[in-house]
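Novice: compute the structure for the input listed below.
(one chain, ligands or ions: 1)
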Amino acid sequence: MQDKINQYISEINAFTPASSEELETYRIKFLGTKGIIKDLFDEFKTVSAEEKRVLGKVLNEFKKLAEEKHQSYKEQFESGAELTSSTFDLTLPGEGFEIGSRHPLSLVRKEIIEIFKKLGFNVAEGPEIEDDWHNFSALNFPEEHPARDMQDTFFIKKDAENGDIALRTHTSSVQVRMMENGKPPFRAIMPGRVYRNEAISARAHCFFHQVEGLYVDENVSFADLKQTLFYFVQELYGEGTKVRFRPSYFPFTEPSAEMDISCSICKGSGCQMCKGSGWVEILGCGMVDPNVLENCGIDSSKYTGFAFGMGIERITNLKYQIKDLRLFSENDIRFLKQFQSEIL
Ligand code: DAH
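Specialist: Got it, this is the predicted structure:
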């Protein structure tokens, strides 16, 4: 029996399991209910009393050795040390991890900001929940004027002090806040989300994004407006893109215009996007109405300014030929994944 035990001791000393499976086989072999140690104890019962005195100690020490060996490897494997270089094939290719992509609207917003930054425009933001003054009255929308209905407003509540509280229908409200809180000159663009009570379809949504622009200083003219927007379009859609201005109406600008660009898709020869005309409208603009300047505490006899506002979705559609607005807010990974960009 002593010899057998000695043999097992050397076996255990030489044992270095590489996995928890190997350790489990070892446990069953030596420490299991039908294992070697159990057998040895059974055999121990049959030996003479004299032998028992010597063997008892040997057997107990052997059992302790077997258990300690098991315990130390068990702890090692549980702590994750199992992946030693001998079991880990370093030549296998790694698992790739996916980098997310920017949302197309974020990409285009960023691009617009970068272009205007080069012309010295700052970026400003304002609240999405607005009062009547900032969204309408200060912008020269008379009360009960039908122009208010043009923008289907989501009203939130009536407020005795501030008039109606609503989700802003355009980013022009940020112009007002900027002028009220500062002193000219102002040269900023104001990106943000706006809301309108429209039925959702491929062409309309109840929320979308705009970028507002404002430049107020002494002697700002319509020529400055035209040159600024011309530069912007060349940068965004490439040199040679044509622009044209059509007279329009906005309560907060006088004169007002809408700006078209030669269709970025067919380059002016006529396609579905421009409905065959070769031109697509991209923004509204004009000279800030003196009433708006005065409403915001700015001396309209000294200062003039221009403003413009564009929809980011529209600009993005023209750039990437996206035909359904709903794609922008559905979070479909198959759609979003297509917009990898160099400007991360
Ligand atoms: N606020 C207008 C809209 O939502 C866009 C706009 C037009 C902004 C002309 C302007 C502007 O600043 O001058 O339709």
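Novice: C-alpha only now, for contacts and for neighbours.
Specialist: Fine.
Novice: doesn't residue 286 fall inside a strand?
Specialist: Yes. Under DSSP: H, G, I helix; E, B strand; the rest coil, residue 286 falls within a strand.
Novice: look up the closest residue to it, ignoring the ones flanking it.
Specialist: residue 256 (4.1 Å; CA to CA, 6 or more residues apart in numbering).
Novice: residues in contact with that neighbour?
Specialist: 247-250, 284-287 (CA atoms under 8 Å, 6 or more residues apart in numbering).
Novice: all helices of the stretch 101-250 of the chain, in order?
Specialist: 104-118, 132-135, 147-150, 172-180, 222-237 (DSSP state H, counting those that start in this stretch).
Novice: tell me which of these sits nearest to residue 94.
Specialist: Distance to residue 94, taken as CA to CA, is lowest for helix 104-118 among the helices of the stretch 101-250 of the chain, at 29.7 Å.
Novice: identify the bridge partners of the closest residue in space to residue 222 that isn't next to it in sequence.
Specialist: Closest residue to residue 222 apart from its sequence neighbours, by CA to CA, 6+ apart: residue 287 at 6.7 Å. Counting by DSSP bridges, residue 287 is bridged to residue 306.
Novice: count of neighbours near residue 287?
Specialist: 23 (other CA atoms under 10 Å).
Novice: likewise for residue 96?
Specialist: Neighbours of residue 96 (other CA under 10 Å): 6.
Novice: just the one 10 residues further on next, same as before
Specialist: The criterion is other CA under 10 Å. On that basis, residue 106 has 12 neighbouring residues.
Novice: and the residue nearest to residue 222, what pLDDT?
Specialist: On the pLDDT scale, residue 287 is placed at 98.
Novice: ok, it - contacts?
Specialist: 221-222, 253-256, 304-307.
Novice: one more time with 6 Å, if that's ok
Specialist: 253-255, 305-306 (CA atoms under 6 Å, 6 or more residues apart in numbering).
Novice: the ligand: which of the residues you listed is nearest?
Specialist: Set against the ligand, the nearest of the contacts of residue 287 by CA to the nearest ligand atom is residue 253 (5.6 Å).
Novice: give me the beta-bridge partners of the closest one?
Specialist: The partner residues for residue 253, given DSSP bridges, come to residue 250, residue 288.
Novice: same question for the one 5 residues further on.
Specialist: In this structure, residue 258 has beta-bridge partners residue 246, residue 284, where bridges are defined by DSSP bridges.
Novice: just give the number of residues close to it.
Specialist: Neighbours of residue 258 (other CA under 10 Å): 19.
Novice: separation between residue 205 and residue 329?
Specialist: 10 Å (CA to CA, to the nearest Å).
Novice: higher neighbour count, these two?
Specialist: Neighbours per residue, other CA under 10 Å: of residue 205 and residue 329, the larger number sits with residue 205, 16 against 11.
Novice: show me what contacts that one?
Specialist: So residue 205 contacts nothing (CA under 6 Å, 6+ apart).
Novice: before we move on, back to that, the ligand is nearest to which of the helices of the stretch 101-250 of the chain?
Specialist: Across the helices of the stretch 101-250 of the chain, closest to the ligand is helix 172-180 (CA to the nearest ligand atom), at 5.2 Å.
Novice: ok, and what's touching the closest one?
Specialist: 126, 134-135, 296.
Novice: so which of the contacts of residue 256 are also by the ligand?
Specialist: 284-286 (CA under 6 Å from any ligand atom).
Novice: so which of those is the most crowded?
Specialist: residue 285 (30 neighbours).
Novice: ok, now how distant is it from residue 251?
Specialist: Taking CA to CA, one finds residue 285 at 11 Å from residue 251.
Novice: ditto for residue 302
Specialist: 21 Å.
Novice: contacts only, for residue 152.
Specialist: With contact set as CA under 6 Å, 6+ apart, residue 152 has these partners: 196-197.
Novice: residue 302 and residue 251: which is more packed in?
Specialist: For residue 302 versus residue 251, neighbours defined as other CA under 10 Å are more numerous around residue 251 (20 against 9).
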